[in-house]
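Enquirer: dropping a prediction and its sequence here:
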Amino acid sequence: MSGRFARRMAGFNLIEVMIAVVLLSVGLLGMALLQTTALRAGQSANERTTATMLSHKLLDMARANRQQAASYNLIRPEDFIAAGDGRAGICAADAVPPTPQWQADRDSWVCAARRALPDAEGSVTVSGAVSSVVGPPALPAASGQITVTLSWLDNRVTGARETFIVVTGL
């Protein structure tokens, strides 16, 4: 009787091993899914950080060029379309920078955004700024408010456009 009992127990060991393999496989698949999700979320967070830094870069440019602060209002989504992928045209390494400083700042910002963010678009709205300065360039005649909007395609997580908006005084 012990021989029959031993043969029946041998089958149970095989079933236990198979169950353990299935449980281990499910756990490993769950870990792989978790890793993929974390990578996507990390990339999305990186893009939001880049958008934040680019927006603040433009704000700093406008504050440094207070004489032409009202001209930054002319930055529109069409500038991003004209920049293409951010490597040719106005963004080419051999492109001649425009003479008004605000246009050079615009080209630099648009090209950086197009290179760093997928399908980037943006605009700037300046209100209450005076385009001429009385006294030293560091002291504006009147300060205003500037709104920088930057959007991009976040196809890793949501597949929709993400938008970052910052509003501050000049």
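Expert: Thanks, I have it.

Enquirer: for Ala113, grab the count of nearby residues.
Expert: For Ala113, the neighbour count with other Cβ atoms under 10 Å is 25. All C-beta atoms are positioned from the backbone trio N, CA, C, and that covers glycine.

Enquirer: name the nearest residue to it, ignoring sequence neighbours.
Expert: Spatial nearest neighbour of Ala113, chain neighbours left out: Ala120 (4.1 Å); criterion: Cβ to Cβ, 6 or more residues apart in numbering.

Enquirer: residue contacts, the one you found?
Expert: By Cβ atoms under 8 Å, 6 or more residues apart in numbering, the contact list for Ala120 reads Phe80, Ala113, Arg114, Leu150, Ser151, Trp152.

Enquirer: quick check: chain neighbours aside, which residue is closest to the most centrally placed residue in the chain?
Expert: Residue closest to the mean C-alpha point of the chain, counted by Cα atoms, centre = their mean, is Glu47 at 2.6 Å. Of all residues not flanking Glu47 in the chain, Leu117 sits nearest, at 5.9 Å (Cβ to Cβ, 6+ apart).

Enquirer: give me the phi and psi angles of that neighbour.
Expert: Dihedral angles phi and psi of Leu117 (degrees, to the nearest 10) take the values phi -120, psi 140.

Enquirer: can you name the residues that contact it?
Expert: Glu47, Thr50, Ala51, Leu54, Leu150, Trp152.

Enquirer: the helix or strand hosting the second one: how far from the chain's middle?
Expert: Secondary structure assignment for Thr50, by DSSP states H and E: helix 2-64. From the chain centre to the centre of helix 2-64 is a distance of 24 Å (Cα atoms, centre = their mean, to the nearest Å).

Enquirer: can you start the count at 39 instead of 1 from here on
Expert: New numbering, starting at 39: the last item is helix 40-102.

Enquirer: packing partners for that helix?
Expert: Applying 3 or more Cβ pairs under 8 Å, 6 or more residues apart in numbering; DSSP states H and E, we find helix 40-102 packed against helix 139-154, strand 159-165, strand 183-192, strand 198-207.

Enquirer: which stretches of the protein aren't confidently modelled?
Expert: For the chain, applying pLDDT under 70 flags the ranges 39-50, 167-180, 195-196.

Enquirer: now do 50
Expert: 170-179 (pLDDT under 50).

Enquirer: look up how far Ile57 lies from Val186.
Expert: Distance of Val186 to Ile57, computed by Cβ to Cβ, to the nearest Å: 58 Å.

Enquirer: next one: Ser146
Expert: From Ser146 to Ile57 the distance is 62 Å (Cβ to Cβ).
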